[in-house]
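Participant: Build me a model from this:
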Amino acid sequence: MKFEVSSGELLKKLQMVHGAISSNPVLPILEDFLFEVEDGKLSLRSTNLETTISSKIDVLSDSDFSVAIPATILLNTIKSLPNQPITITVDEESYGVEVKSQYGEYKMSGDKPEDYPKNPERDDVNAIKISSDSLMNALTHTLFATSNDELRIAMTGVYFQVDYNKIVFVATDAHKLVKYTIGSISSEENASFIVPKKGLSLLKNALPNDTEITLSYNQNNLFIDFEESSFSLRLIDAKYPDYNAVIPLDNSNLLSVNRSDLIGSLRRIAIYANKTTNQVLLNLKSDSMNISAKDIDFSNEANEDINSTYGGEEMQIGFNAKFMIEMLGVLKTNDIVVKLSTPNRAGIIVPSEQIENEDLLMLIMPVMRSH
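Facilitator: This next block holds a predicted model:
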């Protein structure tokens, strides 16, 4: 049983599928790729039982067969070859695997395909179509804001709220919150679920540009299908906090500022901030902003004036510079608007211009002034 394939094409697929292979898997077979050849197509699959990734590629084969192949040794072999046709041969009795290139032959022992975990079942799924660019925008703006606290398991993933004509993506770690809404979709029902960060990060790295994506979901999994690839992500079984309760509604004090200028100033001023709180103070007056920080323990302090437009009551408000830089870093627009109400309530950051049919809102909790 054998097939021939371009090493370069195979490498692209292996690198994507490899993402689901854990460094210390619960079962030895999970260190393998599952190869299934049928009708001149090779289907590759990997799983860590939480995330399953599969993809297909055309090959020249002499028969239909399947085998589990150790992932690391195969990937490293293909990676070290220049692009060329290679032949992979499998012994149907011993599952020994031989890779033949222009340079030589490489042998490894495979495993029985029957031992490989089955794909997650697609029972009772609801499906929606979305553009890969919109999904990429949503993931870029939310993944960084998820929590790493395993005791608050719901907040370690991104919350998807599917409405009849929109999807809302929410991420929060209790210090910052991002809400990204994509409109102009069509769904036959309302639903909500939490998707783990790790699987979504792997998906984000694999998403093609300008392609229609199908999202299908049931009670246990989210399935993402595009081109010849698919991801299955097991959902987090938890209740997401009521994020709307923390978004202030009356934020009438508006600060408009250049994003790059603000990031640059925050980076410089943060050097002088208290290392525990990373607190920087925004001193806002009519059409002027001063950013300052003080670390009393070391007698360090700094302040800068920055060009901005401010309309509202004079205010001094403290934020964690690290969080603010992180949030501003994922934005794309040149200018941003910060909406404020009082010094002890959350500030809202929005881009000066939203993408058509998409809406982004970022929320950052204030750091109370340290004396």
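Participant: Name the residues linked to residue 195 by a beta bridge.
Facilitator: Judged by DSSP bridges, the bridge partners of residue 195 are residue 158.
Participant: what's the neighbour count on it?
Facilitator: Taking other Cβ atoms under 10 Å as the criterion, the count of residues near residue 195 is 23. No exception for glycine: its C-beta is placed from N, CA and C like everyone else's.
Participant: quick one: contacts for it?
Facilitator: 157-158, 160, 222, 233, 235-236 (Cβ atoms under 8 Å, 6 or more residues apart in numbering).
Participant: I'd like to know which of these are buried.
Facilitator: The neighbour-count test (16 or more other Cβ atoms under 10 Å) marks 157-158, 160, 222, 233, 235-236 as buried among these.
Participant: tell me which of the residues you listed is nearest to residue 180?
Facilitator: Out of the buried ones among the contacts of residue 195, the one with the shortest distance to residue 180 is residue 158. That distance is 9.2 Å, counting by Cβ to Cβ.
Participant: Look up how far residue 359 lies from the closest one.
Facilitator: Counting by Cβ to Cβ, to the nearest Å, the gap from residue 158 to residue 359 is 16 Å.
Participant: can you map out the helices along the protein?
Facilitator: Secondary structure of the chain by DSSP state H: the helices cover 7-17, 71-79, 132-142, 197-206, 259-270, 321-330.
Participant: looking at the ones you listed, which is closest to residue 189?
Facilitator: Distances from residue 189 to each of the helices of the chain were compared using Cβ to Cβ; the shortest belongs to helix 132-142, at 19.4 Å.
Participant: which residues sit against that closest one?
Facilitator: For helix 132-142, the surrounding residues in contact (Cβ under 8 Å, 6+ apart) are 158, 167, 169-171, 178, 180, 182, 200-201, 203-204, 207-213, 215, 226, 330-331, 355, 357-358, 360, 362.
Participant: buried subset of those?
Facilitator: Applying 16+ other Cβ under 10 Å to these, the neighbour count classes 158, 167, 169-171, 178, 180, 182, 200, 203, 207, 213, 215, 226, 330-331, 358, 360, 362 as buried.
Participant: Just the ones of these in strands?
Facilitator: Secondary structure from DSSP state E places 158, 167, 169-171, 178, 180, 182, 213, 215, 226, 358, 360, 362 of the buried ones among the contacts of helix 132-142 in strands.
Participant: What is the nearest of those residues to residue 110?
Facilitator: Out of these, the one with the shortest distance to residue 110 is residue 226. That distance is 28.7 Å, counting by Cβ to Cβ.
Participant: ok, what's across the strand from the residue nearest to the closest one when sequence neighbours are not counted?
Facilitator: Nearest in space to residue 226, with sequence neighbours left out and distances taken as Cβ to Cβ, 6 or more residues apart in numbering, is residue 213 at 4.8 Å. Residue 213 has the following beta-bridge partners by DSSP bridges: residue 130.
Participant: Quick check: residue 213 touching residue 223?
Facilitator: No: no contact is recorded between residue 213 and residue 223 when judged using Cβ atoms under 8 Å, the distance being 10.6 Å.
Participant: thinking again about what came up before, wait, which of the helices of the chain is closest to residue 126?
Facilitator: helix 132-142 (16.6 Å).
Participant: The closest one to helix 197-206, inter-axis angle?
Facilitator: Going by axes from the mean of the first three to the mean of the last three Cα atoms, to 10 degrees, helix 132-142 is angled at 140 degrees with respect to helix 197-206.
Participant: Buried residues, helix 132-142. List them.
Facilitator: Buried residues in helix 132-142, counted by 16+ other Cβ under 10 Å: 132-139, 141-142.
Participant: any idea how this structure splits into domains?
Facilitator: By the assignment in automatic domain parsing, the chain contains the domains 2-115, 126-244, 247-364.
Participant: Can I get these in a markdown table including mean pLDDT?
Facilitator: Conversion of the domains of the chain to a markdown table gives the following (pLDDT from 0 to 100):
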| stretch | mean pLDDT |
| --- | --- |
| domain 2-115 | 97 |
| domain 126-244 | 96 |
| domain 247-364 | 95 |
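Participant: and residue 361, how far is that from residue 145?
Facilitator: Taken as Cβ to Cβ, the spacing of residue 361 relative to residue 145 amounts to 12 Å.
Participant: Any chance you could list residues touching both of these two?
Facilitator: With Cβ under 8 Å, 6+ apart applied, the overlap between the contact sets of residue 361 and residue 145 consists of residue 178.
Participant: neighbour-wise, which of those two wins?
Facilitator: Set residue 361 next to residue 145 and count neighbours by other Cβ under 10 Å: residue 145 wins out with 26 against 18.
Participant: for the more buried one, what are its contacts?
Facilitator: Under the criterion of Cβ under 8 Å, 6+ apart, the contact partners of residue 145 comprise 171-173, 176-178, 327, 362.
Participant: From these, pick the one nearest residue 104.
Facilitator: Nearest to residue 104 among those, counting by Cβ to Cβ, is residue 171 at 48.6 Å.
Participant: Report the beta-bridge partner residues of the closest one.
Facilitator: With beta bridges defined as DSSP bridges, residue 171 has these partners: residue 178.
Participant: Quick check: it touching residue 177?
Facilitator: Yes: under the criterion of Cβ under 8 Å, residue 171 lies in contact with residue 177, with a separation of 7.2 Å.
Participant: any chance you could map the strands in the stretch 201-350 of the chain?
Facilitator: Remark: strands of the stretch 201-350 of the chain, listed N- to C-terminal, are 212-217, 221-226, 229-234, 253-258, 279-285, 288-295, 300-306, 308-311, 315-320, 335-340, 347-351; assignment by DSSP state E, counting those that start in this stretch.
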